[in-house]
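Peer 1: Coordinates for the following, if possible.
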Amino acid sequence: MDVFAFAAYGLLILPLIIRVDGFPNGAPTASCSTMKPGHSVDPQPISTSPFFTHIFNEETVSVDNVVRLELRARNGVTTFKGFLVMAFDKDDNSTTAKPIGIFQVPSDGRLIGCIDGDQNAVTHKLNNDKKSVKVEWIRPKTFAGQIVFRTTFVQEFNTFWVKTESKPVSFVTVQPTVTPTATGATPIPAISPKTTSPQPFSLSTTTSSPSSQSHLCWIMQMNLMNVRHFGLEKGLRGVLKDLRCFNIT
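Peer 2: A predicted model of the protein is given here:
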């Protein structure tokens, strides 16, 4: 085979090699705007995709946390060879929407810069069969709202799904929990049971009515004879005198 024949053979076989292998080292930046692999065939309907982007953080994330996601098959078994994933503002559905945020180095793949960005997209670095790829994404500090992840999955050269969309992720600001403390509380005074000191017994003619005073005099006069032998007669007579009792015998 002469040199010209070999060159012509190479020109014929090279497109076949590219067709079979696609882009084994990941998606080129030229594919960022459309997220299509450039395989010259139409993508599969998104609704038929066996693959999806799973969000570990669920649907609400603190603004200080990274978003952890996993590219995988729904059945956990089916494999894919290539992928391209980016994050977008959910409210920006324009054809010129730009990816936002940055990614950390994935478990299987590499970082690329798309549409004047840096590390804002992740793609494969080998076209080996993959069951799962784990990625972490960091939001821009100035972003507030909801984001979605759009992922292109390539199963085979002629079988791929473009811009499959994850569930939206919302960001919230978590306020520190403050335990209220009682300050300046007025202590409740202890209530002591009321006690009454015994009052000395006294006889006063000013506080007795005439009828009660006469009755008292009569009682004491009747007992005057009974207390003589106890030596109390003198004291009792003094009381009768204070009460102004008369007719004392």
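Peer 1: List the strands paired with the biggest strand by length in the chain, with their directions.
Peer 2: Using DSSP state E, we find that the single longest strand of the chain is strand 146-156. Paired strands of strand 146-156, with direction, are strand 82-89 (antiparallel), strand 159-165 (antiparallel), strand 169-172 (antiparallel) (DSSP bridges).
Peer 1: Phi first, then psi, for the closest residue to M86 other than its chain neighbours.
Peer 2: Among residues not flanking M86 along the chain, P99 sits closest, at 3.8 Å (Cβ to Cβ, 6 or more residues apart in numbering). Where C-beta positions appear, they are placed from N, C-alpha and C, glycine not excepted. Backbone geometry at P99, expressed as degrees, to the nearest 10, gives phi -70, psi 150.
Peer 1: who are the neighbours in contact with P99?
Peer 2: 32, 86-88, 114-115, 117, 120-121 (Cβ atoms under 8 Å, 6 or more residues apart in numbering).
Peer 1: do that again at 7 Å, thanks
Peer 2: By Cβ atoms under 7 Å, 6 or more residues apart in numbering, P99 lies in contact with 86-88, 114-115, 117, 120-121.
Peer 1: for L126, same thing?
Peer 2: P24.
Peer 1: Equivalent analysis for R68, please.
Peer 2: 56-57, 136.
Peer 1: I'd like the next helix or strand past the helix or strand bottoming out on mean pLDDT in the chain.
Peer 2: Lowest on mean pLDDT, DSSP states H and E among the helices and strands of the chain sits helix 3-21, with a mean of 41. Next along the chain after helix 3-21, taking DSSP states H and E as the criterion, comes strand 51-55.
Peer 1: for that next one, what is the average pLDDT?
Peer 2: Here strand 51-55 scores 97 as its mean pLDDT.
Peer 1: What are the structural domain limits within this structure?
Peer 2: Following automatic domain parsing, the chain resolves into domains at 22-172, 210-242.
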